[in-house]
Structure formats: C-alpha cells, structure tokens
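Enquirer: A predicted structure for the sequence below; I have some questions about it.
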Amino acid sequence: MFNLILFGPPGSGKGTQSERLIDRYNLRHLATGNLLREEIMRQTKLGLEAKSYMDKGQLVPDAVVIGMINSALETYVDANGFLFDGFPRTVAQAEALDKLLEGKNTEIAAVLALEVSEEELMQRLLNRGKTSGRSDDTNEDVIRSRIIEYLNKTAAVAEHYAKAGKVVRVKGEGSIDQIFQSLCVEIEDKKPV
Ligand code: B4P
C-alpha cells in the first residue's frame, strides 16, 4: 500500500489537489471534512455534534474523526493506498493513524505540506464562501478561528512526521496545475519502484 497525507492550513488547496492526485495515483480519498459534511447533510447524531464545532471554526473532537477513519479503513480493505486529506489534524490523531496503519502492516510514505500565506488563505476561503454554501467559509472571524486552530493544534502534526523524515514542503501558491506538478515530482521520489 502507498499512503500519503496532504497537509496544510484551511484553504491551502488540499481538497483541490486531492481530486487530481487520487486519479493520477489510484488512491482512495479519505477527507474528514467531506465525511463530516456528509454526516451533517444526513442529520445524523454525529453530524449534529460535528456541526456545532465546525460552525465555530473549531476542530471536531479526536474520538469522532478517529472513529470515522477507522471505519473507512475497514471498508476499503482492497485499496491500493489512501490519500488522507485534512486528517490527521492533531498529534493524537496522527498517533492513532500510525497505529491503525501498523495494524494493517503499512505506513505513511510521505506528508505533503502545502505552504500558503494567511492573506491568501483568507481570500480563497471568503471567495469559496460566495458559492459553496459552506457556513464556515462566509465569516471572517470563523476563518480566523480555523487558522488559529491550525497553528495551535495542527502545525505540530508536521513536526510529528518530520521526526521520521517524512515531511515534504511544497509551495501552495501559484496555478493549480503548477502546484499539482510540484506534488507529483515529490510523490514520484517517494513511490516504491
Ligand atoms: P476541511 O473540509 O478539511 O476544509 P479546509 O481545510 O477548509 O479546506 P481545503 O484546504 O481542503 O480547501 P481547498 O484549499 O481545497 O475542514 C473543514 C472543517 O471540518 C474544519 O474546520 C474542522 O472543523 C472539521 N474537520 C475536518 N477534518 C477534521 C479533523 N481531522 N479533526 C477535527 N476536525 C476536522 O480550497 C479552498 C479554496 O481555494 C477553493 O475555493 C479552491 O478553489 C481555492 N484554491 C485552491 N487552490 C488554489 C490555487 N492554487 N490558487 C487559487 N485558489 C485556489
């Protein structure tokens, strides 16, 4: 199995680039943001709980997202590999993921970290908010809270994987095509021959 984490602050292009990467490398896309929004749409108990955090720009509790990833890994047993998008977002989530993958005799091959300035993040998310219908993209204060959550809780995930030499930093500004090409160059370098 070949497993990647696409990492970066909110609005850095994780969702955008994931769509292309899963096609190019035949990976199963696991995006916790999308999974949570599906739960909200279906108005499940989990979705209603998650919404109360997401609307404030806060991270959803670890146990909820780890449980979701665990069941996804159980569902897609035949996958070639996984592309984790927006997960892990805390060190506790990263440790849980490492254990789950170890139980399947596999691991993370690389963490691709997209780097984008705060001004650009704010601009992109407010732009998306005009058309996406996402309540967490329309309010500047909520977006700022998401960026603060990222700095306080998520940035440390890169340090966790840097210890194992798995983090590759990629410039996340420029055209979507250019960024995709940079990601592919890094992935080719990490892929087993
Ligand atoms: P997510 O759904 O993961 O959303 P995101 O980080 O805001 O967006 P992403 O980074 O994928 O967006 P993209 O850049 O592609 O999370 C939403 C919420 O769910 C979180 O705040 C949290 O509450 C909760 N959550 C999710 N996972 C969790 C976890 N593991 N633990 C706890 N809570 C969790 O797109 C942004 C915009 O930029 C788009 O409009 C796009 O078109 C544009 N764009 C992309 N690339 C561009 C480029 N190169 N140039 C110009 N614009 C670009």
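Expert: Thanks, I have the structure now. Everything quoted here is computed from the prediction, not taken from an experiment. Numbers count the residues shown, from 1 in each chain.
Enquirer: Please name the nearest non-neighbouring residue to the residue of the chain found nearest the ligand.
Expert: In the chain, the residue found nearest to the ligand is Gly33; the distance is 1.8 Å by C-beta to the nearest ligand atom. Just so you know, the C-beta spots here come from the backbone N, C-alpha and C atoms, and that holds for glycine as well. Nearest residue to Gly33, sequence neighbours excluded (C-beta to C-beta, 6 or more residues apart in numbering): Gly86, at 4.6 Å.
Enquirer: got a list of what the one you found touches?
Expert: For Gly86, the contacting residues are 14-15, 31-33, by C-beta atoms under 8 Å, 6 or more residues apart in numbering.
Enquirer: again, only this time at 7 Å
Expert: 14, 31-33 (C-beta atoms under 7 Å, 6 or more residues apart in numbering).
Enquirer: Torsion angles phi and psi at it?
Expert: Phi and psi for Gly86, reported as degrees, to the nearest 10, are phi 80, psi 10.
Enquirer: how about the nearest residue to Val167, chain neighbours excluded?
Expert: Nearest one to Val167, counting by C-beta to C-beta, 6+ apart, is Val111 at 4.7 Å.
Enquirer: make that Arg134, sorry
Expert: Once chain neighbours are set aside, the closest to Arg134 by C-beta to C-beta, 6+ apart is Arg128, at 7.0 Å.
Enquirer: Now do the top strand by length along the chain: which elements does it pack against?
Expert: Under DSSP state E, the strand in the chain containing the largest number of residues is strand 108-115. Strand 108-115 sits against strand 3-7, helix 155-162, strand 167-171, helix 176-190, with contacts defined as 3 or more C-beta pairs under 7 Å, 6 or more residues apart in numbering; DSSP states H and E.
Enquirer: With mean pLDDT added, can I get the ones you listed in JSON lines?
Expert: Listed next are the helices and strands packed on strand 108-115 as JSON lines, based on pLDDT from 0 to 100:
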{"stretch": "strand 3-7", "mean pLDDT": "98"}
{"stretch": "helix 155-162", "mean pLDDT": "98"}
{"stretch": "strand 167-171", "mean pLDDT": "98"}
{"stretch": "helix 176-190", "mean pLDDT": "97"}
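Enquirer: Ok, which of those comes nearest Leu101?
Expert: The closest of the helices and strands packed on strand 108-115 to Leu101 is strand 3-7. By C-beta to C-beta, the value is 6.6 Å.
Enquirer: Paired strands for that closest one, with orientation please.
Expert: Applying DSSP bridges to the sheet, strand 3-7 is found paired with strand 82-85 (parallel), strand 108-115 (parallel).
Enquirer: Highest mean neighbour count out of those?
Expert: Of all those, strand 82-85 carries the top mean neighbour count, a mean of 25, counting by mean count of other C-beta atoms under 10 Å.
Enquirer: Do you know the pLDDT at the residue of the chain closest to the ligand?
Expert: pLDDT, Gly33: 96.
Enquirer: Secondary structure of it: a helix, I assume?
Expert: Yes - under DSSP: H, G, I helix; E, B strand; the rest coil, Gly33 falls within a helix.
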